[in-house]
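> coords please:
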Amino acid sequence: MAPDGYPSRVRDSVSKGRSAELEAESMRNLAYVVSSANDNIKTLQKTVKQQEKEIAAQTDQVSSLQRNYETLSRIRKADTKEFTLLKGLHEEQQAALSDLQESFAAERERAESLEAQLASGATERAELQELRLRVEDVEREKAKATEAAQSEQRRAAELHESAKGLKLQLDKLSRAQVESCLYSYSA
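Take a look at the predicted model:
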């Protein structure tokens, strides 16, 4: 027969064994949870780093678009300023040409008047010759002024077309910048 304390020792021994098994099982579960947590942390850190890279790339892209926009804006302002200046020069040249045409018409009338009086004397012939030379000079000046005015008109038309093209590019870049910003914010 077993001594009186034997069943309680066996019970204690079995209880300690079960307790140790439960504790070992608990430790294994804890190790698994810690390992899973570490794996999740690493995965999240990789995701965060990737998103930081994407944000940096998008920030660079937005900065580039902003610089392009500012550059095109400066170019357009300069072109507009130059166009306005050329337009003013063109108007001045048109006014000078008009004055020259009026002067030419007056000189021609005077020459015609002098030709009518030519028969009256030699001095009048010399003056007529002088007026003819002046008329030729005025005609040369008129031809030069006409040529310069036509050149300025062509240049003004080219600048106008260039300004249209730059405006279209500026509009496209603005749209692209807005879309990029919207994409960045939505991401």
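> In contact with the residue most central in space within the chain, which residues?
Taking CA atoms, centre = their mean, the centroid of the chain lies closest to Tyr69, which sits 2.6 Å from it. Listed by CB atoms under 8 Å, 6 or more residues apart in numbering, the contact partners of Tyr69 are 170, 173-174, 177. C-beta: built from backbone N, CA, C; applies to glycine.
> Of those, select the buried ones using a ChimeraX command.
If you want just the buried ones from these in ChimeraX, going by 16 or more other CB atoms under 10 Å, the selection is:
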select :170,173,177
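> Can you add pLDDT, distance to Glu21 and secondary structure and give the contacts of Tyr69 back as TSV?
Supplementary listing: the contacts of Tyr69 in TSV, determined by pLDDT from 0 to 100; distance: CB to CB, whole Å; DSSP: H, G, I helix; E, B strand; the rest coil:
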residue	pLDDT	distance to Glu21	secondary structure
Leu170	85	76	helix
Leu173	83	71	helix
Ser174	85	71	helix
Gln177	83	66	helix
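> can you tell me which of the contacts of Tyr69 lies nearest to Glu109?
Taking CB to CB as the measure, Leu170 is the one of the contacts of Tyr69 closest to Glu109, at 53.7 Å.
> For the closest one, which non-adjacent residue is closest in space?
For Leu170, ignoring the flanking residues on the chain, the nearest one in space by CB to CB, 6 or more residues apart in numbering is Leu72 at 4.8 Å.
> swap in Leu131?
If you skip the residues right next to it in sequence, Leu131 has Ala111 as its closest partner in space, 4.7 Å away by CB to CB, 6+ apart.
> where do the helices sit along the protein?
Across the chain, reading from the start of the chain, the helices by DSSP state H fall at 6-117, 122-186.
> The shortest one - contacts with which helices or strands?
Judged by 3 or more CB pairs under 8 Å, 6 or more residues apart in numbering; DSSP states H and E, the packing partners of helix 122-186 are helix 6-117.
> Just want the angle from the helix it packs on to helix 122-186.
Angular relation of helix 6-117 and helix 122-186 on a 0 to 180 degree scale: 170 degrees, by axes from the mean of the first three to the mean of the last three CA atoms, to 10 degrees.
> tell me how far helix 6-117 is from the chain's mean position?
Computed by CA atoms, centre = their mean, to the nearest Å, the separation of helix 6-117 from the middle of its chain amounts to 13 Å.
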